[in-house]
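Enquirer: 3D, please:
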Amino acid sequence: MNVRKLTTLALLTAAALVMFVIELQIPAPIPVPGVKLGLSNIVTLAVLCLFGWKEALAVLLVRIGLGAIVTGQVGALPYALAGGLLSFGVMLLLKQVIRDRQLWVLSVVGGFFHNLGQLGMAILITRTPGLVAYLPVLLLSGMAAGLFTGLCAQPVVRHFKH
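Expert: The predicted model follows:
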């Protein structure tokens, strides 16, 4: 990996981390644990389209790890990893058939699976199957957040590809 690419990815990772930390200061639109915009996913989507899956996965994992450490939310790490990795895997599969100008579709599906992964991890850790009652709200909010982040990522990708 050349120095320019490494520096760009480091800056993008830092931008994702800053977005993550700032987002924690924004009150949740609804009082349900796990509901948020996922602004740092704009960067992950852009890196996936501009650099490739290995680089996007690296940015995602570093952002999740540093985010947990910087914010003191290390206990949230399993949830973030479950949601992030499930979402990333599904988006990676769909990326084969979805174009960059339809990035919002990829992101909506990613948001859906992100919240599904987090809820699955919560049920696994707490051994509380009743948490499935949050499923409708979490899936809808994940899809709405995915729509927002995807619509934000599309012009970023378009700008840097042209």
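Enquirer: now the spatially most central residue of the chain, nearest residue through space, not along the chain?
Expert: Centroid-nearest residue in the chain: residue 41, 3.9 Å away (criterion: C-alpha atoms, centre = their mean). Leaving out its chain neighbours, the residue that sits closest to residue 41 by C-beta to C-beta, 6 or more residues apart in numbering is residue 149, at 4.6 Å. No exception for glycine: its C-beta is placed from N, CA and C like everyone else's.
Enquirer: Mind listing what's buried along the one helix or strand that neighbour maps to?
Expert: Following DSSP states H and E, the helix or strand that holds residue 149 is helix 135-161. Across helix 135-161, burial judged by 16 or more other C-beta atoms under 10 Å covers 138-139, 141-143, 145-146, 148-150, 152-154, 156-157.
Enquirer: Looking at that helix now, give me its mean pLDDT.
Expert: Helix 135-161 carries an average pLDDT of 94.
Enquirer: Quick one: end-to-end distance for stretch 88-106.
Expert: From its first residue to its last, stretch 88-106 covers 10 Å (C-alpha to C-alpha, to the nearest Å).
Enquirer: so what's residue 86 up against?
Expert: With contact taken as C-beta atoms under 8 Å, 6 or more residues apart in numbering, residue 86 is in contact with 113, 114, 116, 117, 120.
Enquirer: Next, it: secondary structure please.
Expert: helix (DSSP: H, G, I helix; E, B strand; the rest coil).
Enquirer: shouldn't residue 62 be in contact with residue 14?
Expert: No: using C-beta atoms under 8 Å as the test, residue 62 is too far from residue 14 to be in contact (9.5 Å).
Enquirer: still on that earlier bit, and the gap between the residue nearest to the centre of the chain and residue 4?
Expert: Distance check for residue 41 against residue 4: by C-beta to C-beta, to the nearest Å, it reads 24 Å.
Enquirer: Residue 20: neighbour count?
Expert: 23 (other C-beta atoms under 10 Å).
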